[in-house]
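**Student:** build me a structure from this.
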Amino acid sequence: MVTRRSILKAGLSIPVLTMAAGVTTAHSEAKTHEVVIENFEFSPDSLDVKPGDKVVFINNDVVPHTATEKDGAWDSGDLSSGDKWEYTVEGTGTINYYCVHHPVMLGSLTSK
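**Tutor:** Numbers count the residues shown, from 1 in each chain. Below you'll find the predicted structure:
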């Protein structure tokens with residue numbers, strides 16, 4: 001009977017199957033985007049994203065703001081100066097959001 005030990009004694013190598021380096025999953029291709037809140041604006045105010053991407057909202061203003069999806073599906077809660085909040089994109093389509101304290105502050109994510 002041929003065993004691993006007998007093969008090694010004979011000086012033969014055993015092939016090892018490995019995963020190709022180029023193989024990726026949907027999550028490994030995900031990107032992280034930043035939306036800076038400053039001067040009562042979301043910057044950028046629109047982003048093209050993909051499902052699985054992360055969007056980090058960073059408040060660099062001196063007053064609290066929120067990033068709130070128009071229909072209420074998600075809400076960052078109050079972000080004080082220097083606070084960050086992360087949202088992971090699910091699905092496709094356009095997501096509109098605003099600041100509940102300053103409704104003229106608008107932004108959108110377009111997921112394809």
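
**Student:** can you show me the strands along this protein?
**Tutor:** 32-38, 41-43, 46-49, 54-59, 68-69, 84-88, 93-98, 106-111 (DSSP state E).

**Student:** so can I have CSV of these showing mean neighbour count?
**Tutor:** For glycine as for every other residue, the C-beta is placed from the backbone atoms N, C-alpha and C. Listed next are the strands of the chain as CSV, based on neighbours: other CB atoms under 10 Å:
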stretch, mean neighbour count
strand 32-38, 17
strand 41-43, 17
strand 46-49, 16
strand 54-59, 19
strand 68-69, 18
strand 84-88, 15
strand 93-98, 16
strand 106-111, 17
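
**Student:** dump these into CSV; add distance to D78 and mean pLDDT as well.
**Tutor:** Output for these, formatted as CSV (distance: least, CB to CB, whole Å; pLDDT from 0 to 100):
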stretch, distance to D78, mean pLDDT
strand 32-38, 12, 98
strand 41-43, 16, 98
strand 46-49, 22, 98
strand 54-59, 9, 98
strand 68-69, 10, 98
strand 84-88, 10, 98
strand 93-98, 14, 98
strand 106-111, 17, 98
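
**Student:** list the residues that contact K70.
**Tutor:** Taking CB atoms under 8 Å, 6 or more residues apart in numbering, we find K70 in contact with 95-98.

**Student:** residues in contact with the residue nearest in space to the middle of the chain?
**Tutor:** Nearest to the mean C-alpha position of the chain, counting by CA atoms, centre = their mean, stands K54 at 1.3 Å. The neighbours of K54, taking CB under 8 Å, 6+ apart as the test, are 30-33, 86-89.

**Student:** excluding covalently adjacent residues, which one is nearest to it?
**Tutor:** Once flanking residues are discounted, K54 sits nearest to T32: 4.6 Å by CB to CB, 6 or more residues apart in numbering.

**Student:** quick check: the one you found touching G52?
**Tutor:** No. Between T32 and G52 there is no contact under CB atoms under 8 Å: 10.6 Å.

**Student:** joint contacts of the two?
**Tutor:** By CB under 8 Å, 6+ apart, no residue touches both T32 and G52.

**Student:** quick revisit: and of the contacts of K70, the nearest to G77?
**Tutor:** Minimum distance to G77 across the contacts of K70 is 13.2 Å, recorded for Y97 (CB to CB).
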